[in-house]
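Student: Output the structure for:
(one chain, ligands or ions: 1)
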Amino acid sequence: FRTIDDADVTGKRVLVRVDFNLPMKDGKVTDATRIDRALPTIAELADKGARVILLAHFGRPKGKPNPEMSLKPIAPVLSDRLGKPVGFADDCIGPVAAGIIEMLKDGDVVLLENTRFHAGEEANEAEFAESLASLGDIYVNDAFSAAHRAHGSTEGIAHHLPSYAGRTMQAEIEALQAGLEAPEKPVVAIVGGSKVSTKIDVLTNLLDRVDYLVIGGGMANTFLAAKGVDIGKSLCEHDLADTARSVMSRAEEKGCEILLPTDAVVARHLRSGAPTETVPVEETPEDMMILDAGPLSLKAVVARLDLAKTLVWNGPLGAFEVEPFDEATVGAARHAAELTRAGKLVSIAGGGDTVAALNQAGVSDDFSYISTAGGAFLEWMEGKALPGVEVLKE
Ligand code: 3PG
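Tutor: Numbering: from 1, shown residues only. Predicted coordinates:
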């Protein structure tokens, strides 16, 4: 794929797709990470004298304008962080957008209203993509986290304009290639979170690609139960027992070692300060729940991390939001961070919960790459082609 190194942007109208689908409360941005990830591309283009026109979606307004999902409150936050004025247009196509773009000077930046206010965006209608494309000379996609959507502003538009990957998109693709496509082996994957049902395709794809597969969090209970372990009141998807068994037998055929917890921290309630016990998983009391992996399980994870050259991580090992059930997740995160700092491990993590857990462990700056993508990161882990990335390769 081509990057902005390959584009001559000076004096050009450059349409840049960013992901500003940010956590907001009462009209205020509560976490600006995604804005910060977009800054290098925006600043570089503006410095090179491009007229920067930002396209983004927010929420799921179902193809109709909805004042609660306006991008307007984001413009001043972006302006603040970018250190220059950012204009705003109340529509992303038509005369309103065209009028504002007409007035831009080289180096100016404008944000256009939510692309999803038009039904043509999610339907990826040619007419909508053409209307967007008519506003610019060049298209840059810097929104990896929206690249699993084949929408007008992420896919359709790229058929009508010379198209390039922005800096964050480029970093994300390069990191992900180092993670699973051409990784240094051995590779360890940690897959956690509460449900197996959302991660079946992830597990299946990983069996072909990794040497060690650590399964943690609530989803590990389903695997333990499928093996006949009595897990008391633990969260479990009993209807997925067969799926879990088939994942385990295929792993064996492929020589991929699956690591399930052997001991666990259990409690009667998921709340801070609840009395806990640490027990072998087979001895989970019938009125208690597994809420974290125990110290022996953590030791086994640490030992695999020591053997590995690459780590791909999605999903926590326990109920990390509530202390003390964050110990396994924090312990594994800190060990991976240490190995990464020592140059022994390439560590890649993604997904909302995972990023929150790494922040909690205080190691987010030490990982090789942390993706802000949720759904797109999962689809990548499933081995799926992402339409917004594929179209940049054409
Ligand atoms: C995200 O927040 O994961 C992306 O912006 C995609 O949003 P969507 O799931 O509403 O398409």
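Student: Where do the helices of this protein begin and end?
Tutor: Assignment of helices within the chain using DSSP state H yields the ranges 33-47, 74-82, 94-102, 119-122, 126-133, 167-176, 200-207, 218-226, 241-254, 295-307, 327-341, 352-360, 375-381, 387-393.
Student: how about these, which one is nearest the ligand?
Tutor: Closest to the ligand of these, according to C-beta to the nearest ligand atom: helix 375-381, at 4.7 Å. Quick note: C-beta positions are derived from backbone N, CA and C, even for glycine.
Student: Which elements pack onto the closest one?
Tutor: Using 3 or more C-beta pairs under 8 Å, 6 or more residues apart in numbering; DSSP states H and E as the contact test, the elements touching helix 375-381 are helix 200-207, strand 310-314.
Student: buried residues in that helix?
Tutor: Applying a neighbour-count criterion of 16 or more other C-beta atoms under 10 Å, one finds 376-381 buried in helix 375-381.
Student: And Ala182, what's its pLDDT?
Tutor: Turning to Ala182, the model gives it a pLDDT of 87.
Student: Could you do Ile290 as well?
Tutor: So, for Ile290, pLDDT stands at 98.
Student: In CSV, list the helices of the chain along with mean pLDDT and distance to Ala158.
Tutor: Formatted as CSV, the helices of the chain follow (pLDDT from 0 to 100; distance: least, C-beta to C-beta, whole Å):
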stretch, mean pLDDT, distance to Ala158
helix 33-47, 96, 16
helix 74-82, 97, 23
helix 94-102, 97, 18
helix 119-122, 98, 14
helix 126-133, 98, 9
helix 167-176, 93, 12
helix 200-207, 94, 26
helix 218-226, 97, 36
helix 241-254, 96, 36
helix 295-307, 98, 39
helix 327-341, 97, 34
helix 352-360, 88, 27
helix 375-381, 91, 16
helix 387-393, 96, 4
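Student: how about these in CSV, adding distance to the ligand?
Tutor: What follows is the helices of the chain, written out as CSV (distance: least, C-beta to the nearest ligand atom, whole Å):
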stretch, distance to the ligand
helix 33-47, 8
helix 74-82, 13
helix 94-102, 21
helix 119-122, 8
helix 126-133, 16
helix 167-176, 13
helix 200-207, 16
helix 218-226, 20
helix 241-254, 25
helix 295-307, 27
helix 327-341, 22
helix 352-360, 8
helix 375-381, 5
helix 387-393, 10
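Student: now for those, which one comes closest to Glu282?
Tutor: helix 218-226 (8.8 Å; C-beta to C-beta).
Student: what is the orientation angle of that closest one with helix 241-254?
Tutor: Calculated by axes from the mean of the first three to the mean of the last three C-alpha atoms, to 10 degrees, helix 218-226 forms an angle of 90 degrees with helix 241-254.
Student: now helix 218-226: how far from the chain's centre is it?
Tutor: Relative to its parent chain, helix 218-226 has a centroid offset of 24 Å by C-alpha atoms, centre = their mean, to the nearest Å.
Student: Likewise for stretch 96-113?
Tutor: That offset, for stretch 96-113, works out to 30 Å (C-alpha atoms, centre = their mean).
Student: May I have the distance across that stretch, first residue to last?
Tutor: 10 Å (C-alpha to C-alpha, to the nearest Å).
Student: what does that stretch rub up against?
Tutor: 10-11, 13, 20, 42, 46-47, 49-56, 65, 70-72, 74-75, 78, 82, 84-92, 135-136 (C-beta atoms under 8 Å, 6 or more residues apart in numbering).
Student: Repeat that for stretch 58-73.
Tutor: The contact list for stretch 58-73 (C-beta under 8 Å, 6+ apart) reads 20-22, 24, 27-29, 56, 74, 88, 90, 111-114, 116-123.
Student: let's see 6 Å
Tutor: For stretch 58-73, the external contacting residues (C-beta atoms under 6 Å, 6 or more residues apart in numbering) are 21, 27, 56, 88, 111, 113-114, 116-117, 119.
Student: Repeat that for stretch 194-207.
Tutor: Stretch 194-207 is contacted from outside by 189, 191, 213, 217-219, 222, 237, 240, 247, 250-251, 254, 256, 381-383, using C-beta under 6 Å, 6+ apart.
Student: With only the CA atoms kept, save that stretch in PDB.
Tutor: Output of stretch 194-207 as PDB, limited to C-alpha atoms (Å, rounded to 0.1, in the frame of the first residue of the first chain):
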ATOM      1  CA  SER A 194     -15.900 -13.200  29.300                       C
ATOM      2  CA  LYS A 195     -17.300 -15.000  26.300                       C
ATOM      3  CA  VAL A 196     -16.100 -17.700  24.000                       C
ATOM      4  CA  SER A 197     -19.000 -17.000  21.700                       C
ATOM      5  CA  THR A 198     -17.500 -13.700  20.500                       C
ATOM      6  CA  LYS A 199     -14.000 -15.200  19.900                       C
ATOM      7  CA  ILE A 200     -14.500 -18.600  18.300                       C
ATOM      8  CA  ASP A 201     -13.200 -17.400  14.900                       C
ATOM      9  CA  VAL A 202     -10.200 -15.700  16.700                       C
ATOM     10  CA  LEU A 203      -9.300 -19.000  18.400                       C
ATOM     11  CA  THR A 204      -9.700 -21.000  15.300                       C
ATOM     12  CA  ASN A 205      -7.400 -18.700  13.300                       C
ATOM     13  CA  LEU A 206      -4.800 -18.600  16.000                       C
ATOM     14  CA  LEU A 207      -4.500 -22.300  16.200                       C
END
